[in-house]
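>>> got a structure for you, letters missing:
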């Protein structure tokens, strides 16, 4: 890129266009392709091609695995090459297994993300067309409207009341007004009013700009490169991290003690070292990242079938834990198809004149397309050929009104419509039925009373006003001394079946709350129509007066927030989170981005504005709460199945390795060879890999659940100790009852260890009886397969290579009795454990 473009705000537009090899009409498709090859994709993420190798190497990055590989290689040169090769083979198979699972998970997620791409409107081949943001290149001419994301660092060519939110980059709370022009090279980043930055978004107005920098060359790209920004950890991720550290501490202490004890007992140092490391591998749930990725990606695929696209996998867990759901009214609780009920004057009589002026304003609007203007245009058509549009001040969320300047014969007329309060703020007179204008002050009570009457019937009320003007252009400062004409009464009926859907959400343990800019009367009317419990309303004005501490106490009992300003939504969400809730927020507007960021689960819809889709963790392909209900259920299934693996890793596996560590101090030989320990670990991993496909009991889906490390520790203590009791029972039976030799002991202990660990999966996967809750098909098949492999392995030619020996029938009968007793005891302990937890 030319060095002159490093301060492109200091260059005139024609110079910049020349430097980026473009024209005011944009690029041709051929030029755009050439620019894409030259500058690369417009993305801040690394390309994925080389990442398969990185993903494979990541499977072996655990310090314990690396030391084990080193020790195994060392033993090839010092002692038993065959045993060391077996160890290395098992480690490699485990690594490839994890790699295969994680790569499949990653590819599935990439396909899903492609469904919710944010797009930019650019001029290509002289025509306006939408393309994914990643394909925008330097030289593209972008057309901007309210709600659009800026796809790169751009120089403004044309603008009309263009206002941009740059808080993500400059930290400035208020939107920045943007104009074309040339500025000094030394102008600070926050004061460059003639350029637009990637990562910011249009609040109001329209604009046309040329893209100068994309990807990592943008200001936003430089910041993200420096900070390597990561989204905040979810509660589940934080819980898993704590769990990992806890297991690591236990493992390190145990390994050091066992190694020291074996050396003290004058056992071979290298063999003792390999044994300790193999134990560490058995204790460490190294498949946890792969299992979590697999569960989450499978959950994302299942949710996609139900029209829910997950943008950030970790959000699935929060989705399942969500217990408060905040939503706007339009399109979620209501049909989202606004219709005009009536246009009335200040006396409440139907008025074609009010409707004509509203139609003039709506039919001529060129900025942010909205359903209200569409409803006005469809309600009744007027011939407005006598009116010539001269200028426009687009709608924005601060003014909450839209004004257009017209010329009719020799008169100039500004027509404004918008939120009633915001219209009345700029009016000084009111038009009577006779067509006269009188002072508005004495009429204020009457005007408000009429609006409240309409609002109490469930209508949303807008105001319409006008004033004469003597110029061919105007700005928002000219919205003053206007004449109030009358009201537009709009209605948006509740969605069919919405009452049942909300009851289903409540049954799932989720409290719905409505956050709307509409009046208290309209909000209450909708709530009553959809049959929710008696509404407890808090208005934006009342919210403004509350301290953060007072709001913390009010948010829990309030289920309707009405007349809310855009900047108050985030405050409501933060208060709900501080009150201990996991909060979901559904928003699709320009003013929803900060609330979406603040929520534990930001939810948007495919039809939302770019900035809302970018801020969301989850995107609904349809704006329908039924879709959301299905998504929540799938999120809970994913959460439950992920926790099952944690329970398995902390019960049978942990108990087996703990028992082996203990018995090794009392036997004159190692209870299992290092390669046998690793084989045990590998075989018990196979059933656990199918856990993502397992059935989940209804009770685990019916209410939100959260990551609870204390509960996991209790589970680990109870079921780990139970496993150890039966392990020592096995040791006793093999030594004192069956008088096993060294090879028989290892074979018997290996068989009992693998079969019991595989079978216990079927017990601890459910809180119900093993007979009442059927496991998933793949989990059952994998468990049966591993049991059969374990039983037959000592009778195959591989047995001698692995250090096993075929066992007499009495050995198998005793081991079967111990495993059967273990399963029965585990069932009993499980029932008592959960009764105690619930009591």
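Arrived safely, thanks for sending. Just so you know, these numbers come straight off a predicted model, no measurement behind them.
>>> any idea how far residue 294 is from residue 56?
Counting by CB to CB, to the nearest Å, the gap from residue 294 to residue 56 is 16 Å. To be clear about C-beta, it is placed using only N, CA and C from the backbone, and glycine gets the same treatment.
>>> between these two, which one's more packed in?
residue 294 (26 against 16; other CB atoms under 10 Å).
>>> hang on, the more buried one packs against residue 692?
Yes - here residue 294 reaches residue 692: they are 5.1 Å apart, a contact under CB atoms under 8 Å.
>>> least trustworthy helix or strand in this structure by mean pLDDT?
Least confident helix or strand of the chain, by mean pLDDT, DSSP states H and E, is helix 63-78 with a mean of 62.
>>> Quick one, grab the pLDDT at the residue of the chain positioned farthest from its centre.
The C-alpha centroid of the chain is most remote from residue 739, which lies 58.2 Å away (CA atoms, centre = their mean). pLDDT for residue 739: 93.
>>> Please compute how far stretch 198-213 lies from its chain's middle.
26 Å (CA atoms, centre = their mean, to the nearest Å).
>>> Shouldn't residue 413 be within a strand?
Yes - read with DSSP: H, G, I helix; E, B strand; the rest coil, residue 413 is one of the residues of a strand.
>>> Setting aside sequence neighbours, what's the nearest residue to it?
Take residue 413 and drop its neighbours on the chain: the residue closest to it by CB to CB, 6 or more residues apart in numbering is residue 406, 4.9 Å away.
>>> In the sheet, which strands lie alongside the helix or strand encompassing that neighbour, parallel or antiparallel?
Using DSSP states H and E, residue 406 maps to strand 401-408. Here strand 401-408 is paired, per DSSP bridges, with strand 388-393 (antiparallel), strand 411-419 (antiparallel).
>>> Could you point out which of the ones you listed sits nearest residue 475?
Nearest of these to residue 475, taken as CB to CB: strand 388-393 at 6.4 Å.
>>> what does the closest one contact?
160-161, 364-367, 402-408, 412, 472-476, 479 (CB atoms under 8 Å, 6 or more residues apart in numbering).
>>> In the stretch 351-500 of the chain, where is pLDDT below threshold?
The model of the stretch 351-500 of the chain has pLDDT under 70 over residues 367-369.
>>> So what's the residue count around the nearest residue to residue 695 once chain neighbours are set aside?
Leaving aside its chain neighbours, residue 695 sits nearest to residue 776 (5.0 Å; criterion: CB to CB, 6+ apart). Using other CB under 10 Å, the number of residues around residue 776 comes to 17.
>>> cool, residue 25 as well?
12.
>>> cool, and the one 3 residues further on?
Here the number of neighbours of residue 28 (other CB under 10 Å) works out to 14.
>>> for the one 4 residues further on, same thing?
Neighbourhood size, residue 32 [other CB under 10 Å]: 21.
>>> Let me know the secondary structure of it.
What three-state DSSP gives for residue 32 is helix.
>>> List the contacts of it.
124, 135, 137, 139, 140.
>>> One more pass at 7 Å, please.
124, 137, 140 (CB atoms under 7 Å, 6 or more residues apart in numbering).
>>> Is the second one part of a helix or strand, or is it coil?
Secondary structure state of residue 137, per three-state DSSP, is coil.
>>> leaving aside the residues next to it on the chain, what's closest to it?
According to CB to CB, 6+ apart, the nearest residue to residue 137 is residue 35 (3.8 Å).
>>> hang on, that neighbour in a helix?
Yes - remark: residue 35 belongs to a helix, assigned using three-state DSSP.
>>> Now do the helices in the stretch 551-700 of the chain.
Using DSSP state H, counting those that start in this stretch, the helices of the stretch 551-700 of the chain run over residues 566-578, 593-598, 610-615, 625-648, 654-663, 674-689, 698-701.
>>> So for residue 222, which of the ones you listed sits nearest?
Closest among these, using CB to CB: helix 610-615, at 19.1 Å.
>>> now stretch 374-389, how far from the centre of its chain.
Relative to the centre of its chain, stretch 374-389 is centred 42 Å away, using CA atoms, centre = their mean.
>>> Near the residue nearest to residue 413, how many other residues are there?
Counted with other CB under 10 Å, residues neighbouring residue 406 total 22.
>>> now the helices for the stretch 101-250 of the chain?
Going by DSSP H, counting those that start in this stretch, the stretch 101-250 of the chain shows helices at 167-170, 219-227, 235-264.
>>> Report the distance from the longest one to the chain centre.
Distance, stretch centre to chain centre, for helix 235-264: 32 Å (CA atoms, centre = their mean).
>>> Selection in ChimeraX covering whichever of the contacts of strand 388-393 are buried, please.
In ChimeraX syntax, the buried subset of these is picked out as below (16 or more other CB atoms under 10 Å):
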select :160,161,364,365,367,402,403,404,405,406,407,412,474,476,479
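>>> Can you say which of the strands paired with strand 401-408 is packed in most?
Most buried of the strands paired with strand 401-408 by mean neighbour count (mean count of other CB atoms under 10 Å) is strand 411-419; its value is a mean of 21.
>>> and the helix or strand just after that one, which residues are buried?
Remark: after strand 411-419, the chain's next helix or strand is helix 420-424, criterion DSSP H and E. Residues 420, 422, 423, 424 are the ones in helix 420-424 that count as buried (16+ other CB under 10 Å).
>>> so what's the second one closest to, chain neighbours aside?
I take that to be residue 422. Setting aside the residues directly before and after it, residue 422 is nearest to residue 400 in space (CB to CB, 6+ apart), at 4.3 Å.
>>> Which element, helix or strand, includes residue 274?
helix 269-283.
>>> ok and that helix relative to helix 654-663, angle-wise?
160 degrees (axes from the mean of the first three to the mean of the last three CA atoms, to 10 degrees).
>>> Could you confirm residue 740 falls within a helix?
No - counting by three-state DSSP, residue 740 is not part of a helix but coil.
>>> pretty sure residue 674 contacts residue 274?
Yes - using CB atoms under 7 Å, residue 674 is in contact with residue 274, at 4.0 Å.
>>> Same list, the helices of the stretch 551-700 of the chain, but as a markdown table with distance to residue 117 and mean neighbour count please.
Formatted as a markdown table, the helices of the stretch 551-700 of the chain follow (distance: least, CB to CB, whole Å; neighbours: other CB atoms under 10 Å):
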| stretch | distance to residue 117 | mean neighbour count |
| --- | --- | --- |
| helix 566-578 | 26 | 21 |
| helix 593-598 | 18 | 24 |
| helix 610-615 | 9 | 24 |
| helix 625-648 | 20 | 23 |
| helix 654-663 | 44 | 23 |
| helix 674-689 | 32 | 24 |
| helix 698-701 | 31 | 15 |
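>>> Including mean pLDDT and distance to residue 10, could these go into JSON lines?
Shown next, in JSON lines, are the helices of the stretch 551-700 of the chain (pLDDT from 0 to 100; distance: least, CB to CB, whole Å):
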{"stretch": "helix 566-578", "mean pLDDT": "90", "distance to residue 10": "34"}
{"stretch": "helix 593-598", "mean pLDDT": "84", "distance to residue 10": "31"}
{"stretch": "helix 610-615", "mean pLDDT": "76", "distance to residue 10": "29"}
{"stretch": "helix 625-648", "mean pLDDT": "85", "distance to residue 10": "49"}
{"stretch": "helix 654-663", "mean pLDDT": "77", "distance to residue 10": "65"}
{"stretch": "helix 674-689", "mean pLDDT": "81", "distance to residue 10": "59"}
{"stretch": "helix 698-701", "mean pLDDT": "88", "distance to residue 10": "60"}
